[in-house]
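Visitor: show me how the following folds:
(one chain, ligands or ions: 3)
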Amino acid sequence: MRVVTGSEMRDLDQWTMQDFGMPGEMLMENAGRAAAGRMLTRLTLDERVIVLCGSGNNGGDGFVIARCLYEAGICPEVWLIPEENRLSGEAKFHYGLLLQCGIQVNSVQAGGKRCEDVIAAADVVIDAMLGTGVSGELREPYASLVAACNETAARVEAVDIPSGLPADEGVMWHTAVQADFTVVLAAYKESSFLPRTAPFYGEIEVVSIGLPPGTYDLLKYERRLWQRVDVQTTLPVRSAEDYKSTYGKGLIVGGSETMPGAPLLAGEAALKSGTGLLTLALPASFTSAAASRLPEAMLQPFSEGVRLSADVTKFDAAACGPGLGRDEAAAHLVQHLIYKTDGVLILDADALHILRPSELKSRRKPTVLTPHAGELAALTGLSVEEVLQAPFQTSFNFATAYGVYVVMKGAHTITSTPDGRQFVNPTGNAVLARGGTGDVLTGMVLAFTMSHTTLDAAVANAVYLHGAAADALAVTVPPHAVKTSDVISALPLAFQSVESTD
Ligand SMILES: NC(=O)C1=CN([C@@H]2O[C@H](COP(=O)(O)OP(=O)(O)OC[C@H]3O[C@@H](n4cnc5c(N)ncnc54)[C@H](O)[C@@H]3O)[C@@H](O)[C@H]2O)[C@@H](O)CC1
Ligand SMILES: Nc1ncnc2c1ncn2[C@@H]1O[C@H](COP(=O)(O)OP(=O)(O)O)[C@@H](O)[C@H]1O
Ligand SMILES: [K+]
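Guide: Ligands and ions are numbered 1, 2, ... in the order given. Next comes the predicted model:
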């Protein structure tokens, strides 16, 4: 399932109409009919339904939806917001069809009965006022109608985008319809994954509108949801012939006097995600505690302030950062790993604060960075607010500029590849909003980079299953009564959830 910007969506529509030859009226019929189909699964014959139609193509979808509801025996009250003469193109065509069916259309501009009062008295409001074409502050009468939608007790179902909300990240916006459901046309829009804008969508359903196969390949960059089926088709199957080294030799470097637990969480997660041979490089003062907690791991003690004695070239993959601290010795360690490791290097937590980004360009083997918004802000010199406003662009820019994978963590983690593709993660919940869950992810990424055929799948699958473990926990335990190591304990449930055939 693709994730697009407003302008990419317009390109897709244009290619479908001009190059593929599908008339715009047909595309709009497909869109409206598909949206109506979803809405009809919730509508009952006794509900008072109002369809609000704007002047652009989103309004055109509203005319089609109204006609489809009539076909199904539901008589919505249709309201046209602009003057009739403002309609053009496909929207005008479908307005004409609606009138030919003998369906009455009320006009907001005509005066008399107030649309706001009808919205207040409705059971269901279908919001086809504004879609991807919205720009700037909402003008009247849209601003008042959006406010009325947000005051009514009715169920609000938006078409494509809740009116007023931008399709893209990074756009200033003012107010928007708070929908209960949004039937998204063809592809997710970026704003459905951003912390500030996602809540306006309510529950999202994506419908196909008949874009021809291969259309998405014409877009310059691939940006898509990483779904269960992707995990199912890329997760390696363990074979009876496997040996302990089949899944690689992994190294985790981290820990300091004040944060001894972080590398242990990463280590336990790596072991529970398939790693056969794991070495933990930790400050010498707590290796005995580590040995009793993780007897499966080998240990490389280092005295704080002293460099790592292990030959890092012997490892297939290394992860560095959890609990490491940010002093000069830690910075030397990170630099040492950047220059000396001969496999995949994963940098997380403190390592992200002390690395010099320019040094990443010297790496000949892949590098994976796993920052949250604050860490990506530190890496890029932007503010956290700027990163949160444009997570797609910020992580894309960093990944492509430095040739690294960037896993920007959040409620919808975005993985960017060095060549500019992006995968959005659908799993996870607020169970993960607690200290140490990022360390767990780091261990999983380490394990998966050594077991998977491609690094894209390794990173995206680790993120997916990390979230799936939290989802499995959330259905069995109240989210308050969880600690981070419970997420590791739930990993078998996460693996099972993708292995089952239902
Ligand atoms: N062929 C296509 O392009 C298709 C488009 N579709 C629909 O078309 C939508 C996009 O259509 P449009 O590009 O016509 O744009 P919209 O329908 O989103 O809105 C454009 C109209 O809104 C007005 N407007 C913009 N900003 C405003 C503001 N701040 N305050 C008040 N009015 C404002 C503009 O004057 C313009 O008339 C999609 O979201 C989707 O619902 C679907 O029908 C599928 C096919
Ligand atoms: N509300 C949430 N919904 C889904 N995932 C979340 C949420 N909050 C945090 N996460 C996930 O939890 C992890 C937190 O990582 P991080 O911020 O590095 O924590 P720490 O440094 O304490 O380990 C990330 O994988 C992030 O995507
Ligand atoms: K809308």
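
Visitor: return the residues of the protein in contact with ligand 1.
Guide: 13, 24, 27-28, 31, 54-61, 130-139, 142, 159-161, 185, 209 (CB under 6 Å from any ligand atom). Every residue, glycine included, has its C-beta placed from N, CA and C.

Visitor: which of these are buried, as a ChimeraX select command?
Guide: Here is the ChimeraX command that selects the buried residues among those (16 or more other CB atoms under 10 Å):
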select :13,24,27,28,31,54,55,56,57,58,59,60,61,130,131,132,134,138,142,159,160,161,185,209
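
Visitor: which members of the residues of the chain next to ligand 1 occur in strands, if any?
Guide: Mapping the residues of the chain next to ligand 1 onto strands (DSSP state E) picks out 159, 185.

Visitor: so where does the residue in the stretch 151-300 of the chain that ligand 2 sits nearest to fall, helix or strand?
Guide: For the stretch 151-300 of the chain, the residue closest to ligand 2 is residue 262, as judged by CB to the nearest ligand atom, at 7.1 Å. In the assignment (DSSP states H and E), residue 262 maps to helix 261-271.

Visitor: repeat that for residue 78.
Guide: In the assignment (DSSP H and E), residue 78 maps to strand 77-80.

Visitor: which neighbouring elements make contact with that strand?
Guide: strand 49-53, helix 57-71, strand 105-107, helix 115-121 (3 or more CB pairs under 8 Å, 6 or more residues apart in numbering; DSSP states H and E).

Visitor: need the winner for burial among these.
Guide: Per-stretch averages of neighbours, counted by mean count of other CB atoms under 10 Å, single out strand 49-53 among those, with a mean of 28.

Visitor: direction included, what does that one pair up with?
Guide: Taking DSSP bridges as the criterion, strand 49-53 sits next to strand 77-80 (parallel), strand 124-128 (parallel) in its sheet.

Visitor: buried set for the strand holding residue 78?
Guide: Applying a neighbour-count criterion of 16+ other CB under 10 Å, the buried positions in strand 77-80 are 77, 78, 79, 80.

Visitor: surely the last one meets residue 60?
Guide: Translated: residue 80. No. Proximity of residue 80 to residue 60 does not meet the contact threshold set by CB atoms under 8 Å, at 11.3 Å.

Visitor: ok, the residue in the stretch 251-400 of the chain that ligand 2 sits nearest to - how many residues close by?
Guide: When CB to the nearest ligand atom is the measure, the stretch 251-400 of the chain has its nearest residue to ligand 2 at residue 372, with 4.0 Å between them. Here the neighbour count serves as a burial measure; for residue 372 (other CB atoms under 10 Å) it reads 18.

Visitor: who touches it in this structure?
Guide: Contacts for residue 372 were tallied using CB atoms under 8 Å, 6 or more residues apart in numbering; they are 408, 409, 410, 438.

Visitor: mind redoing it with 6 Å?
Guide: residue 409 (CB atoms under 6 Å, 6 or more residues apart in numbering).

Visitor: so what's the residue count around the closest residue to ligand 2 within the chain?
Guide: Ranked by CB to the nearest ligand atom, the top residue of the chain for proximity to ligand 2 is residue 438, at 2.1 Å. For residue 438, the tally of surrounding residues (other CB under 10 Å) stands at 23.

Visitor: how far away is it from residue 348?
Guide: With distances taken as CB to CB, to the nearest Å, residue 438 is found 6 Å from residue 348.

Visitor: now do the same end-to-end measure for stretch 101-120.
Guide: Across its full length, stretch 101-120 reaches 27 Å between end residues, using CA to CA, to the nearest Å.

Visitor: and what of stretch 77-93?
Guide: The stretch stretch 77-93 measures 19 Å between its terminal residues, going by CA to CA.

Visitor: kindly report the same for stretch 11-28.
Guide: Taking CA to CA as the measure, stretch 11-28 stretches 15 Å from start to finish.

Visitor: before we move on, what about stretch 175-192?
Guide: Taking CA to CA, stretch 175-192 runs 15 Å from one end to the other.

Visitor: which ones among the residues of the chain next to ligand 1 also lie next to ligand 3?
Guide: With CB under 5 Å from the ion as the criterion, the subset of the residues of the chain next to ligand 1 in contact with ligand 3 comprises 58, 159.

Visitor: residue contacts, the closest residue in space to the residue of the stretch 151-300 of the chain closest to ligand 2 that isn't next to it in sequence?
Guide: Excluding the flanking residues, the one nearest residue 262 by CB to CB, 6 or more residues apart in numbering is residue 323, at 3.1 Å. Residue 323 is in contact with 254, 255, 256, 259, 262, 263, counting by CB under 6 Å, 6+ apart.

Visitor: separation between the fifth one and residue 255?
Guide: Translated: residue 262. Remark: distance between residue 262 and residue 255 (CB to CB) = 6 Å.

Visitor: returning to what we had before: so what touches the strand holding residue 78?
Guide: When contacts are taken as CB under 6 Å, 6+ apart, the neighbours of strand 77-80 outside the stretch itself are 50, 51, 52, 53, 66, 105, 106, 107, 108, 115.

Visitor: apply 7 Å and report the result again.
Guide: In this structure, residues lying in contact with strand 77-80 by CB atoms under 7 Å, 6 or more residues apart in numbering are 50-53, 66, 98, 103, 105-108, 115, 118.

Visitor: check stretch 347-359 too.
Guide: 262, 319-322, 324-326, 330-331, 334-335, 338, 367, 369-371, 375, 378-379, 402, 438, 442.

Visitor: now swap in stretch 142-157 and tell me
Guide: Stretch 142-157 is contacted by residues 39, 52, 81, 115-116, 119-120, 122-127, 129-130, 138, 163-164, 175-181, 183 when judged by CB under 7 Å, 6+ apart.

Visitor: restricted to buried residues, select these in ChimeraX.
Guide: Applying 16+ other CB under 10 Å to those leaves a buried subset, and the ChimeraX line that selects it is:
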select :39,52,81,115,116,119,122,124,125,126,127,129,130,138,163,164,175,176,177,178,179,180,181,183
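
Visitor: quick one: contacts for the residue nearest to residue 33 when sequence neighbours are not counted?
Guide: In space, and not counting its chain neighbours, residue 33 is closest to residue 68: 5.5 Å by CB to CB, 6+ apart. For residue 68, the contact set (CB under 7 Å, 6+ apart) comprises 32, 33, 36.

Visitor: tell me which of the residues you listed is nearest to ligand 3?
Guide: For those, the closest approach to ligand 3 (CB to the ion) belongs to residue 32, at 12.1 Å.

Visitor: quick one, what contacts that closest one?
Guide: Contacts for residue 32 were tallied using CB under 7 Å, 6+ apart; they are 61, 64, 65, 68.

Visitor: skipping adjacent residues, who's closest to it in space?
Guide: Leaving out its chain neighbours, residue 32 is closest to residue 64 (CB to CB, 6+ apart), at 2.4 Å.

Visitor: ok, now residue 188?
Guide: residue 3 (4.4 Å).

Visitor: now the phi/psi pair for the one you found, please.
Guide: phi -120, psi 120 (degrees, to the nearest 10).

Visitor: so it makes contact with residue 222?
Guide: No. Checked against CB atoms under 7 Å, the pair residue 3 and residue 222 is beyond contact range at 9.6 Å.

Visitor: how much space is there between residue 437 and ligand 3?
Guide: Plainly put, residue 437 is 35 Å away from ligand 3 if you go by CB to the ion, to the nearest Å.

Visitor: let me redo that: residue 44
Guide: Between residue 44 and ligand 3 the distance is 23 Å, computed by CB to the ion.

Visitor: just give me the neighbour total for that residue.
Guide: Applying other CB under 10 Å, we find 10 other residues in the vicinity of residue 44.

Visitor: backbone dihedrals for it, both of them.
Guide: The phi and psi values for residue 44, taken as degrees, to the nearest 10, are phi -120, psi 160.

Visitor: and for residue 278?
Guide: The main-chain torsion angles of residue 278 are listed as degrees, to the nearest 10 and equal phi -130, psi 130.
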